[in-house]
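**Student:** Got a sequence here, can you build the structure:
(2 chains)
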Amino acid sequence: MPNDQDQRAGERAAADTGSTPLMPVGFTVNGKAASLTLDPRVTLLDALREHLRLTGSKKGCDHGQCGACTVLVNGRRVLACLTLAVMHEGDEVTTIEGLGTPDSLHPMQAAFIKHDGYQCGYCTPGQIVSAVATLEEIRAGIPSHATADLLAAPRVTEAEIRERMSGNICRCGAYSNIVEAITEVAGGQG
Amino acid sequence: MRPFTFERARSPAEAAASAARNPGAKFIAGGTNLLDLMKLQIETPLHLIDINALGLDRIETAPDGGLRIGALVRNTDLAADARVRRDYGVLSRALLAGATGTLRNKATTAGNLLQRTRCPYFYDTNMPCNKRVPGSGCSALDGVSRGLAVVGSSDACIATHPSDMAVAMRVLDATVETVRPDGGTRTIPIAEFHRLPGDTPHIETALEPGELITAVAVPPPAGGTHIYRKVRDRASYAFALVSVAAVIQRDGTGRVALGGVAHKPWRVEAAEAELPRGARRVSERLLADARPTRDNAFKLTLVERTLGSVLTEARS
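**Tutor:** Residues are numbered from 1 along each chain as shown, chains lettered A, B, ... in the order given. As a prediction, this is how the structure comes out:
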């Protein structure tokens, strides 16, 4: 059920627009069921951050150019800023909060810390979610622009990692350390 | 975003009928381009019809040996399909040259064809743009036009079509299958699907109001060497300055289409007769009616050189 805060946010949105009817939507986030009643304009990112208080996913550009909002939907990485929450009825969403916790880090989180794969940290949740999905995509045999032979299984190489992570921008320029972190996790799991 | 009402469609015919019934309605699938434009209030639909549950997400082998690609097949899944990788490499390569993994996981086959231009003046709501506000003028003609069209353009618009996938679909002679609001269906050849700007650049495709794409079909494999070469300002995640989609046979004959140079994927079948005689002859025919600006005349040379590189690769 929507909490009071959601209800108030919804009423404010409705007052702003005059007549946009609110819509119910239900999906799971990090394994827990969430039921919200939302203005259809609310993006998945705003639903996560403003309504469910999961502020790990970051709003960088809000136009699908920076990757800071990357989350997994049904196991695939997508940009939460470029999809509406009401389009995710029944979906399974995983955010950075669902990958690991400070006491029980995901191997990718641990590798980012070890290799100093960030400076300011703002793009980091998106980088880590995207990196986890990148290794899954290579394991699943999905090719990339850097894959030389379309008929062979792609391998984990620096060129593959850089190409596949090109939608996650780091203004601090921690790319070389990010590549090292991902390469280490790939080796450990390979 | 401007307010809109939202509906989850249950069948393609129902979606098309709803679009015809609701003025200002738009279909939404991946939403990666539409929602960006809605945030900028360049697109202001009054009603959104979510078509994601229509089941148009399969790639079927057609009776003729070609492929029938559902409108909702995601770009990632199309590029990774074993049949596409084996028999339609130019399509797989074009898809993988576009956008990023996160966007390709969402973006659909039909939505990719319907992308709007990335002309900077289309995006800048403070500037005139005939595509955004018909009759307001074209800011690009005397503006920054380095990335814009060199051929097939008009005094009303020099925007380019941004898609890589569509260039491969053009070289493969794809057809676009649709359903209309009255439930009738039709098939549109890809050559007739996208329009040149003329004096109505806001009308970009042959689709009629409410008409919904259900599939894109490609004919049986044409064999040959498949190449998609994209030249851009960055190594990844950038639109094409020039791209070449090519299917070249062992005897040097084949087909080529260009991206990044026109309002639609640019192919001139008559130019392909020159393929055995080299890139210069082909590009002269492809660009015979070119009207570049001072900023983008370099694309004429770039087309010839990119095509030359592609033909060299095909021979090796």
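**Student:** What's the biggest helix in chain B, counting residues?
**Tutor:** helix B:298-315 (DSSP state H).
**Student:** quick check, it touching chain A?
**Tutor:** No: interface with chain A: helix B:298-315 contributes nothing (Cβ under 8 Å from any Cβ of the partner chain), its closest point being 12.8 Å away. Using the backbone N, CA and C atoms, a C-beta is placed for each residue, glycine as well.
**Student:** Could you export that helix as PDB, CA atoms only?
**Tutor:** C-alpha atoms of helix B:298-315 as PDB (Å, rounded to 0.1, in the frame of the first residue of the first chain):
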ATOM      1  CA  PHE B 298      34.000  17.000 -45.600                       C
ATOM      2  CA  LYS B 299      31.400  14.300 -45.500                       C
ATOM      3  CA  LEU B 300      31.600  13.900 -49.300                       C
ATOM      4  CA  THR B 301      35.300  12.900 -49.000                       C
ATOM      5  CA  LEU B 302      34.600  10.900 -45.900                       C
ATOM      6  CA  VAL B 303      32.000   8.800 -47.700                       C
ATOM      7  CA  GLU B 304      34.400   8.000 -50.500                       C
ATOM      8  CA  ARG B 305      37.200   7.000 -48.200                       C
ATOM      9  CA  THR B 306      35.000   5.000 -45.800                       C
ATOM     10  CA  LEU B 307      33.500   3.200 -48.800                       C
ATOM     11  CA  GLY B 308      37.000   2.600 -50.100                       C
ATOM     12  CA  SER B 309      38.000   1.100 -46.800                       C
ATOM     13  CA  VAL B 310      35.000  -1.100 -46.700                       C
ATOM     14  CA  LEU B 311      35.600  -2.400 -50.300                       C
ATOM     15  CA  THR B 312      39.200  -3.100 -49.400                       C
ATOM     16  CA  GLU B 313      38.100  -5.100 -46.400                       C
ATOM     17  CA  ALA B 314      35.600  -7.000 -48.400                       C
ATOM     18  CA  ARG B 315      38.200  -8.100 -50.900                       C
END
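**Student:** Was I right to think A:V86 contacts B:T5?
**Tutor:** No: proximity of A:V86 to B:T5 does not meet the contact threshold set by Cβ atoms under 8 Å, at 10.9 Å.
**Student:** so what's in contact with the two at the same time?
**Tutor:** By the contact definition Cβ atoms under 8 Å, 6 or more residues apart in numbering or on different chains, A:V86 and B:T5 are jointly contacted by A:P40.
**Student:** okay, the two: which has more neighbours?
**Tutor:** A:V86 (25 against 17; other Cβ atoms under 10 Å in any protein chain shown).
**Student:** distance of the residue nearest to B:P189 when sequence neighbours are not counted from B:M165?
**Tutor:** Among residues not flanking B:P189 along the chain, B:T175 sits closest, at 5.5 Å (Cβ to Cβ, 6 or more residues apart in numbering or on different chains). Per Cβ to Cβ, to the nearest Å, B:T175 is found 15 Å from B:M165.
**Student:** likewise B:E313?
**Tutor:** Computed as Cβ to Cβ, the B:E313 to B:M165 distance reads 21 Å.
**Student:** Who has more neighbours out of the two?
**Tutor:** Shown here are B:E313 and B:M165; by other Cβ under 10 Å, B:M165 has more neighbours (30 against 13).
**Student:** Next, the contact list for that one, please.
**Tutor:** Here B:M165 is in contact with B:N75, B:L78, B:L91, B:A94, B:L95, B:G98, B:T109, B:N112, B:L113 (Cβ under 8 Å, 6+ apart).
**Student:** mind running it again at 6 Å?
**Tutor:** With contact set as Cβ atoms under 6 Å, 6 or more residues apart in numbering or on different chains, B:M165 has these partners: B:A94, B:L95, B:N112.
**Student:** Any idea what the residue lying closest to A:E89 once chain neighbours are set aside is bridged to?
**Tutor:** For A:E89, ignoring the flanking residues on the chain, the nearest one in space by Cβ to Cβ, 6+ apart is A:V25 at 5.4 Å. Beta bridges link A:V25 to A:L36, judged by DSSP bridges.
**Student:** where does A:V25 land on pLDDT?
**Tutor:** On pLDDT, A:V25 comes in at 98.
**Student:** ok, now how distant is A:G26 from chain B?
**Tutor:** For A:G26, the distance to chain B equals 13 Å [Cβ to the nearest Cβ, to the nearest Å].
**Student:** A:D116 too?
**Tutor:** 23 Å.
**Student:** what about that residue, how many neighbours?
**Tutor:** 13.
**Student:** so it makes contact with A:N177?
**Tutor:** Yes: using Cβ atoms under 6 Å, A:D116 makes contact with A:N177 at a distance of 5.0 Å.
**Student:** Three-state assignment for the residue of chain A found nearest chain B, please.
**Tutor:** In chain A, the residue that lies nearest chain B is A:G167 (2.9 Å; Cβ to the nearest Cβ). Secondary structure assignment for A:G167 (DSSP: H, G, I helix; E, B strand; the rest coil): coil.
**Student:** Phi, psi for A:F27 please.
**Tutor:** When quoted as degrees, to the nearest 10, the phi and psi of A:F27 stand at phi -150, psi 170.
**Student:** Quick check: residues of chain A near chain B?
**Tutor:** A:17, A:20, A:40-41, A:63-64, A:70, A:76-79, A:82-83, A:86-87, A:142, A:144-145, A:150, A:163-164, A:166-167 (Cβ under 6 Å from any Cβ of the partner chain).
**Student:** can you rerun that using 7 Å?
**Tutor:** Within chain A, the positions adjacent to chain B are A:17, A:20-21, A:23, A:40-41, A:62-64, A:67, A:70, A:76-79, A:82-84, A:86-87, A:130, A:134, A:137, A:142-145, A:150-151, A:163-164, A:166-167 by Cβ under 7 Å from any Cβ of the partner chain.
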